[in-house]
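K.L.:
Can you look at this prediction? I've put the sequence above it.
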Amino acid sequence: MNATMTAFVPPTESGHDLLDNWIRPICARLGIRLAVALPGAGRATALAAQRASTFVVWDCSVEGPEDVYVAFNTRAKLDPGSIVLSRTPLPRNVLTRASHAPVHGEALGNPELGVWLERRLRRVLGVVRTPAPRLPGPQGHYWMFDDPADYFLSFHGERRQEAGEWRAAFEKAHSVTVRMVPPREYSYPAEVVTRQQMWEGVARLMYEIIATGRAIVHPAPDYFASFWTVSELLATLWLLPRGSTPPMITSAYAARPSGGIRRLEHLSARAVLGVPLLGDAHADRFARLINHSDPITTVPRFRRPPEGTGRAVTGTMKHVGHHDPELAVSRFWDEMRVPCPVCAPRGRAAAKVDWDRHMDLSWDERDVDHYGYFTARREDLGTGGIRCPGCRTHLRLVNEHGVRTLWTPVPEGESQRDRPVIQCDPVWQVLPDGPRGVEPLPGRKDVDAAPDPRDRGSPIRRRWLSARSSV
């Protein structure tokens with residue numbers, strides 16, 4: 001049976017160029033029967049194409065008001081026949097296993113997308129034709145689902161050079177490849193993010209770890225003072241065997257300064273690294289957070305209160321484990337978390353890692369959390385400055401990297417059927433106030449880190465819900 005393809009492309013000049021000069025010729029060379037969705041096609045067209053076509057190719061570029069996201073659906077992120085191409089960075093909650101798109105702040109051209117697409121299709125179809133066009137590999141492009149490295153290296157960003165030297169020596173000694181996430185891959189330094197966005201970044205890092213199957217922790221100074229590196233460690237411990245839980249990665253290790261590694265197990269983390277045991281309740285809480293932040297499986301309709309028939313759907317979801325009232329509220333998606341460089345801990349010891357505080361969403365607007373983040377309203381960021389409620393430091397905010405996009409499809413039962421489905425939010429970063437520009441302010445030592453409400457005898461305000469299924 002001949003392969004078939006349905007292409008969804010935006011009615012833009014670049015979209016037409018990709019279709020006419022790349023997708024059509026590629027399909028002709030490979031004997032793929034091509035159908036092109038009409039501009040403005042909706043989800044019904046997408047569902048029909050997904051049922052009938054071997055491949056569904058999406059040009060998910062956002063270059064103006066014309067795009068394909070009205071037809072896009074969650075199945076497009078899960079279906080093995082779905083292929084996503086984009087000249088612009090994808091929305092935060094769009095992640096697929098077959099995808100070629102730039103990281104935030106960069107762009108790709110149609111020639112790069114076309115070369116990658118033909119290479120992908122030839123590999124899937126097992127097509128070897130003579131003469132076959134010479135297809136160079138994408139320069140500098142790493143894709144975790146395509147050709148993952150042998151190991152994932154978890155390291156603190158301020159120790160990138162040290163970690164890079166360790167990686168080079170390890171790769172040379174063992175003839176392996178080690179993945180180090182480049183700067184700006186998932187966030188900018190001191191970026192202001194939502195709670196959901198923080199845990200979405202963790203979910204993406206988790207996929208990186210799963211793809212390699214083996215993780216190495218590089219516990220240099222300040223490793224245990226960063227939300228991101230401790231989250232990588234948390235994900236690694238969660239992915240390792242935990243009693244009856246089947247492992248999702250084969251092994252994990254702690255890096256030695258000498259260039260070697262030491263085996264790291266779920267139960268040996270305290271002895272190897274000095275961190276507390278990750279208990280069942282902690283693992284359960286982590287699964288809940290990832291379930292509501294995963295860019296592949298996240299259900300964006302939870303961002304808005306359900307209307308009409310959507311209420312019945314939401315009521316059902318509560319009983320099957322995909323809906324957590326604490327995490328489905330708009331605050332999880334909309335309220336901003338501002339990193340204060342003064343309140344951020346420095347030199348935190350491994351023994352000071354606190355899994356409860358790490359996964360506490362800190363709903364109290366007056367609190368500064370375990371890593372120096374505090375809550376702000378999105379509308380307050382546009383003033384260019386904000387005061388930390390913990391140390392009272394005035395922080396400067398800048399928007400130098402445009403916007404991040406979010407895919408927010410219209411659910412069944414919502415009254416605003418014609419609203420835009422792509423939300424654009426400015427990328428805000430914190431800079432210290434004063435003439436020092438981007439020079440970071442000194443962080444506090446861990447003993448002076450922002451206080452936690454529990455240290456003042458306040459009641460713990462957290463809702464722990466049962467979630468026995470993993471992501």
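P.N.:
Now that the structure is in, tell me what you want to look at. On a predicted model such as this, the values are computed, not experimentally measured, just so you know.

K.L.:
Buried residues in stretch 31-46, which are they?
P.N.:
Of the residues in stretch 31-46, those buried by neighbour count under the rule 16 or more other CB atoms under 10 Å are 32, 34, 37, 41, 45, 46. All C-beta atoms are positioned from the backbone trio N, CA, C, and that covers glycine.

K.L.:
Please save the CA atoms from it in CSV.
P.N.:
Extracted C-alpha coordinates of stretch 31-46, given in CSV (Å, rounded to 0.1, in the frame of the first residue of the first chain):
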residue,chain,number,x,y,z
GLY,A,31,6.0,8.0,-4.1
ILE,A,32,3.8,9.5,-1.3
ARG,A,33,0.3,10.6,-2.3
LEU,A,34,-0.2,14.1,-1.0
ALA,A,35,-3.4,15.9,0.1
VAL,A,36,-3.3,19.5,1.3
ALA,A,37,-5.8,20.8,3.9
LEU,A,38,-7.7,23.9,2.8
PRO,A,39,-6.8,27.2,4.7
GLY,A,40,-8.9,27.6,7.8
ALA,A,41,-9.5,23.8,8.1
GLY,A,42,-10.6,22.8,11.6
ARG,A,43,-10.2,19.9,13.9
ALA,A,44,-12.7,17.7,12.1
THR,A,45,-10.4,17.8,9.0
ALA,A,46,-7.4,17.0,11.2
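
K.L.:
That stretch: how far from the chain's middle?
P.N.:
Mean C-alpha position of stretch 31-46 versus that of the full chain (CA atoms, centre = their mean, to the nearest Å) differs by 28 Å.

K.L.:
Contacts for it next, please.
P.N.:
2-11, 19, 23-24, 26-27, 49, 53-56, 66, 68, 70-73, 75-76, 121, 409 (CB atoms under 8 Å, 6 or more residues apart in numbering).

K.L.:
Counting neighbours, what do you get for the closest residue to residue 369 other than its chain neighbours?
P.N.:
Among residues not flanking residue 369 along the chain, residue 362 sits closest, at 4.3 Å (CB to CB, 6 or more residues apart in numbering). Counted with other CB atoms under 10 Å, residues neighbouring residue 362 total 22.

K.L.:
Helix or strand: which one has residue 362?
P.N.:
Mapping residue 362 onto the secondary structure by DSSP states H and E places it in no helix or strand at all.

K.L.:
ok, back up a step: just the buried ones from the contacts of stretch 31-46?
P.N.:
The buried subset of the contacts of stretch 31-46 - by 16+ other CB under 10 Å - is 3-10, 19, 23, 26-27, 49, 53-56, 68, 70-73, 76, 121, 409.

K.L.:
From these, which land in helices?
P.N.:
If you go by DSSP state H, those have 26, 27, 49, 76, 121 in helices.

K.L.:
neighbours around the residue nearest to the last one when sequence neighbours are not counted, how many?
P.N.:
Distance criterion CB to CB, 6+ apart; nearest residue to residue 121, sequence neighbours excluded, is residue 30 at 5.8 Å. The local packing of residue 30 (other CB under 10 Å) involves 16 other residues.

K.L.:
List the contacts of residue 255.
P.N.:
Residues 153, 166, 170, 216, 217, 218, 219, 261 are the ones in contact with residue 255 under the rule CB under 8 Å, 6+ apart.

K.L.:
Distance-wise, check the residue lying closest to it once chain neighbours are set aside relative to residue 22.
P.N.:
Of all residues not flanking residue 255 in the chain, residue 218 sits nearest, at 4.5 Å (CB to CB, 6+ apart). Remark: distance between residue 218 and residue 22 (CB to CB, to the nearest Å) = 41 Å.

K.L.:
I'd like the next helix or strand past the helix-or-strand element of the chain with minimal mean pLDDT.
P.N.:
Each helix and strand of the chain was given a mean pLDDT (mean pLDDT, DSSP states H and E); the minimum falls on helix 309-320 at a mean of 37. Next along the chain after helix 309-320, taking DSSP H and E as the criterion, comes helix 330-334.

K.L.:
okay, that following helix in PDB with CA atoms only?
P.N.:
Output in PDB follows, covering the C-alpha atoms of helix 330-334 (Å, rounded to 0.1, in the frame of the first residue of the first chain):
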ATOM      1  CA  SER A 330      -5.800  29.600  36.300                       C
ATOM      2  CA  ARG A 331      -3.300  30.700  39.000                       C
ATOM      3  CA  PHE A 332      -1.100  27.700  38.200                       C
ATOM      4  CA  TRP A 333      -1.000  28.900  34.500                       C
ATOM      5  CA  ASP A 334      -1.200  32.700  34.900                       C
END
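
K.L.:
helix/strand/coil for residue 184?
P.N.:
For residue 184, the secondary structure call by DSSP: H, G, I helix; E, B strand; the rest coil comes out as coil.

K.L.:
which ones are touching it?
P.N.:
Each residue near residue 184 by CB under 8 Å, 6+ apart is listed here: 103, 104, 105.

K.L.:
with those in mind, which one is nearest to residue 267?
P.N.:
Proximity of those to residue 267, judged by CB to CB, is greatest for residue 103, which lies at 36.4 Å.

K.L.:
what about the closest one, how many neighbours?
P.N.:
15.

K.L.:
repeat for residue 333
P.N.:
The number of residues packed near residue 333 is 23, by other CB under 10 Å.

K.L.:
in the stretch 201-350 of the chain, which spans are helices?
P.N.:
According to DSSP state H, counting those that start in this stretch, the stretch 201-350 of the chain carries its helices in the segments 227-239, 269-273, 280-291, 309-320, 330-334.

K.L.:
err, the stretch 1-150 of the chain, not the other one
P.N.:
Shown for the stretch 1-150 of the chain, the helices assigned by DSSP H, counting those that start in this stretch span residues 13-18, 24-30, 43-52, 75-78, 110-125.
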